[in-house]
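test case, fold it:
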Amino acid sequence: MILKKNWHLLVILLLIFNTTSFVAQNTEQSDKMLKQLTKEQKKMLKEQQLFIVTSKKEFKNSLTVEQRKILLSKDFSRSKKSKLLKESLSKKQRSLVNVNKNRLRNRQIKFKRSLTKRQIVRLRRFVHDRDGHDRKRLIRRLRRLIRDNLNSDN
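Predicted coordinates:
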């Protein structure tokens, strides 16, 4: 009788128990990936993370009141907000975005060139063993772990 009324709670609990073990496995795998990086590579990743944070702050500080209203508006979808914001950017803001994008791309290329063939193979296997949704979640998790571990190294 109780199960018939609260079957949805039972399903939610089962999902939670199943996903916690999955997340724990992914955490172990991502920790192994971090251990394979050299100190120089970790330093490069830390610099890249810092650059991303500072460039985001710099861009946000350059936004006008109208542009901030577009971002905070709940009337538009995410894609519509993006489109409106892109249309409202000044030349100076566009150049800032392009410069930061190019700098970030150069840093990423430099990091990729520092990887050994063995590291590349392992990273590819790690990333491609997952389906699309899990891959995105794992990449976000890896970035968080990298950021947290690099911050704790100092």
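
flag every buried residue along whatever helix or strand Lys80 lives in.
Element membership for Lys80 (DSSP states H and E) is helix 78-88. The neighbour-count check on helix 78-88 (16 or more other C-beta atoms under 10 Å) flags 81, 84-85 as buried. C-betas here are computed from N, CA, C, even on glycine.

the helix or strand that that helix is followed by - contacts with which helices or strands?
Remark: after helix 78-88, the chain's next helix or strand is helix 91-114, criterion DSSP H and E. If you count contacts as 3 or more C-beta pairs under 8 Å, 6 or more residues apart in numbering; DSSP states H and E, helix 91-114 packs onto helix 39-62.

report the backbone C-alpha coordinates of the helix it packs on in CSV.
Output of helix 39-62 as CSV, limited to C-alpha atoms (Å, rounded to 0.1, in the frame of the first residue of the first chain):
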residue,chain,number,x,y,z
LYS,A,39,54.2,19.6,-13.0
GLU,A,40,54.7,21.8,-16.1
GLN,A,41,51.5,20.6,-17.6
LYS,A,42,49.6,21.3,-14.4
LYS,A,43,51.1,24.7,-14.2
MET,A,44,50.0,25.4,-17.8
LEU,A,45,46.5,24.3,-16.9
LYS,A,46,46.5,26.5,-13.9
GLU,A,47,47.6,29.5,-15.9
GLN,A,48,44.9,28.7,-18.5
GLN,A,49,42.2,28.6,-15.8
LEU,A,50,43.4,31.9,-14.3
PHE,A,51,43.4,33.4,-17.8
ILE,A,52,39.8,32.2,-18.4
VAL,A,53,38.7,33.7,-15.0
THR,A,54,40.4,37.1,-15.6
SER,A,55,39.2,37.4,-19.2
LYS,A,56,35.6,36.7,-18.1
LYS,A,57,35.8,39.3,-15.4
GLU,A,58,37.3,41.8,-17.8
PHE,A,59,34.6,41.2,-20.3
LYS,A,60,31.8,41.4,-17.7
ASN,A,61,33.3,44.7,-16.5
SER,A,62,33.1,46.1,-20.1
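
tell me which strands and helices it is in contact with?
So helix 39-62, by 3+ C-beta pairs under 8 Å, 6+ apart, packs with helix 91-114, helix 132-153.

which one of these has the most crowded surroundings?
helix 132-153 (a mean of 14; mean count of other C-beta atoms under 10 Å).

sorry, back to before: now the helix holding Lys80 against helix 91-114, angle please.
120 degrees (axes from the mean of the first three to the mean of the last three C-alpha atoms, to 10 degrees).
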